[in-house]
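> predicted structure and sequence below. I'll ask about it afterward.
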Amino acid sequence: MVLRIGNASGFYGDRFDAVREMLTGAGPGGGPDSGPDGPIDVLTGDYLAELTMLILGRDQLRDPSSGYAKTFLRQMEEGLGLAHERGVRIVTNAGGLNPAGLADALRALAARLGLPTRIAYVEGDRLPATGGALTANAYLGGAGIAACLTAGADVVVTGRVTDAALVTGPAQWHFGWGPEEYDRLAGAVVAGHVLECGTQATGGNYAFFREHDPKLFRRPGFPVAELHEDGSAVITKHSGTGGLVDVGTVTAQLLYETAGARYAGPDVTARLDTVRLVPEGPDRVRISGVRGEAPPPTLKVGLSRLGGYRNEVVFVLTGLDIEEKADLLRAQVTDALEKSPPAEVRWELVRTDRPDAATEETASALLRLVVRDPAPEAVGRTLTGAAIELALASYPGFHVTAPPGKGAPYGVFESVYVPAADVPHTAVLPDGTRVPVPVPERTRALEPVPGPDLPEPLPPGPTRRAALGRIAGARSGDKGGDANIGVWVRTEEEWRWLAHALTVDGLRALLPETAGLTVTRHVLPHLRALNFTVAGILGEGVASQARFDPQAKALGEWLRSRHLDIPESLL
């Protein structure tokens, strides 16, 4: 008995046509790859991220009836009919801050289309926003989703659930798992984590894309998990679609935005150090061996608030004397802002220039000025005047990439933890019945896992200076103000070298921006992987835009580009 679960969205703004493609099982020019009942049983969509909650919160300030992902509602104008024809259930967190409002809108849409679609929703995640917070949402598990599906819902919309709950909920419904079948639930969590970011599991953002036919990656298909009753799963995709599913693409996604061996959630704590990946034919990877433990007694709550206002100007410095031009401009702007300086002023000189360049653009460097302040006027006209009034009185060749605007509000994300019993997790069934979802009877407080034994190091031999990415893949991402960098290799010999070569000190040497920050290394031998967390490198989270790469998406690629001594036998 297999449950086939597909994904059609990894974020609010993902490929609009993915819902239709997944429901028909068709690639861009292909046809359905199975019979009239459709190639999948459940279609999921993840629309929520830390930044999205802030965006939806600001939307709701303007219009209290909003607060959900409007893109999903537009996708359902076609998707509801296709799902009804094929018997596919739809489960999504597109409800955001207003799942009841989205459910009402879907009912109205179904009535207009003449479809007998049964709509249910899950609520209770939204908590009182105190202390200046704009939104406060607990991360719920999949039990509310399971209750809605058991009651016959065709579509279930939720607010803030864990990304993996979009899979654990349908799995609990379909297989009838109890709340303490931890290994099975943990297997579903791992499968859900692989699916949650859509095409990142099927070749999107993949470190080793150059090793394959480039046509594969032009339009990757979205992933499908074939989930089994024992909690194991096969990750695949519709035939005829682009992309690639192999052990590398699945490993990359498993490492994305995770940390240590214990991956905690409201349904179960999954042990990532037990995950085993085995290829099972073209575009098929089996996940097995996942062990689970009781969930922690608390739920994570994401808080977003407006942190103030920011603005930026990017000055272009061309040709000779780049450093001296930058020094002159910094001194001039500092003098101009002296009477009412913003609370925070940050400069970054990016040396994109080349000597004796053949084009003006490649002869130019960028000097970026970012300012922040609680008051909008301090980053608006004050900055505009300080920057633009220097146009004829500063360094030779003065110009900017764009004139500064009025400044814009920026957000701050933080997480806190509350007892699970304090969160009113509720399933609202298609007939309107409200069913409280009980909290787990057994819990287990999180604690670190003792580090595993490292493999035997490679014997001494000749080395060559080369980029880490010659042999290692990486994927990085954000969790609040922290970043994670997952690094993996594909052979046992490479693992014997990587496990000893890439220590915390080694990472700091390769990435000087991590100096002074707390870096933690987690070892995952079954995946031949190391997962590093870098605390505080993203300031107050993505919405604060504290860094050039505010979500740490390319931190791993920077690491792969850095050179170190690698054994010649591996190169």
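Here it is on my side, so go on.

> the residue lying closest to residue 433 once chain neighbours are set aside: what's it in contact with?
Counting by C-beta to C-beta, 6 or more residues apart in numbering, residue 433 lies nearest to residue 151, which is 7.6 Å off, once chain neighbours are set aside. Using the backbone N, CA and C atoms, a C-beta is placed for each residue, glycine as well. By C-beta atoms under 8 Å, 6 or more residues apart in numbering, the contact set of residue 151 is 120, 427, 429-431, 433, 435.

> residues of the longest strand seen in the chain that come out buried?
Counting residues, the longest strand found in the chain (DSSP state E) is strand 298-318. By neighbour count on 16 or more other C-beta atoms under 10 Å, the buried set for strand 298-318 is 298-313, 315-318.

> roughly how far is that strand from the heart of the chain?
With C-alpha atoms, centre = their mean, to the nearest Å as the basis, strand 298-318 stands 17 Å off its chain's centre.

> quick one: strands adjacent to that strand?
strand 135-138 (antiparallel), strand 364-373 (antiparallel), strand 399-400 (antiparallel), strand 408-419 (antiparallel) (DSSP bridges).

> CA atoms of the helix or strand just after the first one as CSV?
This means strand 135-138. For strand 135-138, the succeeding helix or strand toward the C-terminus, using DSSP states H and E, is helix 143-150. Only the C-alpha atoms of helix 143-150 are listed here, as CSV (Å, rounded to 0.1, in the frame of the first residue of the first chain):
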residue,chain,number,x,y,z
ALA,A,143,-2.4,15.5,13.3
GLY,A,144,-4.9,18.3,12.5
ILE,A,145,-4.4,17.6,8.8
ALA,A,146,-5.0,13.9,9.4
ALA,A,147,-8.3,14.6,11.2
CYS,A,148,-9.5,16.8,8.3
LEU,A,149,-8.7,14.1,5.7
THR,A,150,-10.3,11.4,7.9
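
> how far out from the middle of the chain is helix 143-150?
25 Å.

> and it, what other elements does it pack with?
Contacts defined by 3 or more C-beta pairs under 8 Å, 6 or more residues apart in numbering; DSSP states H and E place helix 143-150 against strand 89-92, strand 119-123, strand 155-158, helix 165-175, strand 426-428.

> following the chain past whatever helix or strand residue 520 lives in, name the next helix or strand.
With secondary structure defined by DSSP H and E, residue 520 is part of strand 519-524. Per DSSP H and E, the first helix or strand lying C-terminal to strand 519-524 is strand 529-534.

> out of everything not next to it in sequence, what's closest to residue 204?
residue 220 is the one closest to residue 204 (C-beta to C-beta, 6+ apart), at 5.0 Å.

> then residue 72?
Nearest to residue 72 is residue 94, by C-beta to C-beta, 6+ apart, at 3.7 Å.

> correct me, but that neighbour touches residue 76?
No: counting by C-beta atoms under 8 Å, residue 94 does not reach residue 76; the two are 9.3 Å apart.

> ok, which stretches of the chain are helices?
Taking DSSP state H to define them, one finds helices in the chain at 18-24, 50-62, 70-86, 99-113, 143-150, 165-175, 182-195, 247-255, 322-336, 381-388, 492-501, 504-510, 555-561.

> comparing these, which yields the minimum mean pLDDT?
Among the helices of the chain, helix 381-388 carries the lowest mean pLDDT, a mean of 86.

> show me what that helix packs onto, helices and strands only.
Using 3+ C-beta pairs under 8 Å, 6+ apart: helix 381-388 touches strand 298-318, helix 322-336, strand 364-373.

> tell me which of the ones you listed lies nearest to residue 109.
Smallest distance to residue 109 across these (C-beta to C-beta): 28.8 Å, for strand 298-318.

> now that closest one: mean pLDDT?
Rounded mean pLDDT across strand 298-318 is 95.

> how far does stretch 346-366 sit from the chain's center?
With C-alpha atoms, centre = their mean, you get 32 Å for stretch 346-366.

> stretch 315-329 now?
37 Å.

> contacts for that stretch?
So stretch 315-329 is contacted by 347, 349, 351, 353, 360, 363-369, 387, 390, 394-401 (C-beta under 8 Å, 6+ apart).

> burial measure for the residue lying closest to residue 449 once chain neighbours are set aside, as a count.
Computed as C-beta to C-beta, 6+ apart, the closest residue to residue 449 that is not its neighbour in sequence is residue 261, at 4.0 Å. The burial count assigned to residue 261 is 21, neighbours taken as other C-beta atoms under 10 Å.

> could you measure from residue 261 over to residue 186?
12 Å (C-beta to C-beta, to the nearest Å).

> find residues that contact each of these two.
Counting by C-beta under 8 Å, 6+ apart, the shared contacts of residue 261 and residue 186 are residue 271.

> contacts for the helix or strand of the chain with the lowest mean pLDDT next, please.
Ranked by mean pLDDT, DSSP states H and E, the weakest helix or strand in the chain is helix 381-388, scoring a mean of 86. With contact meaning C-beta under 8 Å, 6+ apart, helix 381-388 is reached by 311, 313, 315, 333, 336-337, 340, 342, 369, 371, 400, 403-404, 406-407.

> list buried members of these by neighbour count.
311, 313, 315, 333, 336-337, 342, 369, 371, 400, 404, 407.

> which among those residues gets closest to residue 147?
Looking across those and measuring by C-beta to C-beta, the closest to residue 147 is residue 407, at 46.0 Å.

> good, wrapping up.
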